[in-house]
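A.B. asks: A predicted structure for the sequence below; I have some questions about it.
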Amino acid sequence: MPKKSAIALLITIVFVMLISVGLGVGLKYINKSSKSLKAENFTLQCVTIVEDFLNILKNSPDLQQVKDADSLAIFLGQASVIPFESSGYRVLISIKSARAKLNPIIFRKKERLEALKTFLLNRGVNAEYADIMQDMLNGMKADATYNSDVFNEHPYLFRDYIASKEHLAQLNSIYKNRYHENSIDKIDTDELFRVGNEDVNASKIDLNYATPLAWELMLGCDKARAEELNSLGFGAYSKESPPFLSDEENRNLNRFNFSYYEGVVAIKIEINRDEEKAVINFEYNIKSKKGYNFDWQV
């Protein structure tokens, strides 16, 4: 095993041990506290679990050694799913690249919006879906110059970004009700778009983890080609060894902001206790040690 791979594998082992031990201890204290107070607050306990996990992420010097495409690929390959049980809690932690999908804010740019419309039309979805999305991404306008009349009925949806999966689901529902067709349901928009506030100028997609749907939209290619490019990634692509694309595919790709390494991971924590369940999604920047775009479902 190459030295770099061995180091990354060791990092992964240490990281998983830290999570299992650190959260296990924390859960025992929570359980004792709830018994002594005789009033369990599941939401508060979930907050404590997430805070403990964030502290593990921030205080793990080994995790900071994940700083290139190779080490990230090995880390994600070995620590993509971490399950454990303690003190009556069942916790499942999933870790993926947070830059595998496209943030809708990039479609403020005309040439990218046209790529989205082409993708939608190829899937049988009216281009008006993109118009509604563009309206929502540009917030409220003093002159009310919108591409659609959605604002009149749903002004609360107009922000500078798609805030959550629920926000995206509302967009899909509005489109279906307005145009009386359900083709958008045939597109897994959760695998195409990532949600949350982000600087549009820094909104890159990591080509090593781009989903097949993201490849299909960016290149204008068919499903088989998109799946091929997705399967060949996972750390294999770099500036020195980029994906092999045709001239047309390269031109289409260059409309987008991409890289071969983005040190940001998407974390999903599922917490179960008896009949209670919570799902927390957020992003974590390995370099800055910051978590953001939290989405709680309790």
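C.D. replies: Nice, I can see it.
A.B. asks: helices along this protein, start to end?
C.D. replies: 3-37, 42-59, 69-79, 110-122, 128-137, 165-179, 189-192, 212-219, 223-231, 247-253 (DSSP state H).
A.B. asks: include distance to S259, mean neighbour count and mean pLDDT when you put those into CSV, please.
C.D. replies: Bear in mind the C-beta positions are built from the backbone N, C-alpha and C, glycine included. Listed next are these as CSV, based on distance: least, Cβ to Cβ, whole Å; neighbours: other Cβ atoms under 10 Å; pLDDT from 0 to 100:
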stretch, distance to S259, mean neighbour count, mean pLDDT
helix 3-37, 19, 15, 49
helix 42-59, 22, 17, 83
helix 69-79, 9, 20, 87
helix 110-122, 16, 17, 94
helix 128-137, 22, 22, 86
helix 165-179, 24, 16, 89
helix 189-192, 19, 16, 93
helix 212-219, 13, 25, 97
helix 223-231, 15, 16, 97
helix 247-253, 12, 14, 97
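A.B. asks: which one of those helices lies nearest to R273?
C.D. replies: Between R273 and the helices of the chain, the shortest separation by Cβ to Cβ is 6.8 Å, and it involves helix 42-59.
A.B. asks: the closest one packs against which elements?
C.D. replies: helix 3-37, strand 89-97, strand 264-273, strand 276-285, strand 290-297 (3 or more Cβ pairs under 8 Å, 6 or more residues apart in numbering; DSSP states H and E).
A.B. asks: at 7 Å what do you get?
C.D. replies: On a contact count with 3 or more Cβ pairs under 7 Å, 6 or more residues apart in numbering; DSSP states H and E, helix 42-59 meets helix 3-37, strand 264-273, strand 276-285.
A.B. asks: dump it to CSV, restricted to CA.
C.D. replies: C-alpha atoms of helix 42-59 as CSV (Å, rounded to 0.1, in the frame of the first residue of the first chain):
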residue,chain,number,x,y,z
PHE,A,42,-35.4,14.5,22.6
THR,A,43,-34.7,17.6,20.6
LEU,A,44,-32.2,18.9,23.2
GLN,A,45,-30.5,15.6,23.3
CYS,A,46,-30.1,15.6,19.5
VAL,A,47,-28.6,19.1,19.7
THR,A,48,-26.1,17.7,22.2
ILE,A,49,-25.2,14.8,20.0
VAL,A,50,-24.6,17.1,17.0
GLU,A,51,-22.5,19.5,19.2
ASP,A,52,-20.4,16.6,20.4
PHE,A,53,-19.8,15.4,16.8
LEU,A,54,-18.8,18.8,15.7
ASN,A,55,-16.3,19.0,18.5
ILE,A,56,-14.9,15.7,17.4
LEU,A,57,-14.5,17.0,13.9
LYS,A,58,-12.9,20.3,15.0
ASN,A,59,-10.5,18.8,17.5
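A.B. asks: relative to strand 89-97, how tilted is it?
C.D. replies: Interaxial angle, helix 42-59 versus strand 89-97 (axes from the mean of the first three to the mean of the last three Cα atoms, to 10 degrees): 50 degrees.
A.B. asks: count the residues that sit near S241.
C.D. replies: Neighbourhood size, S241 [other Cβ atoms under 10 Å]: 9.
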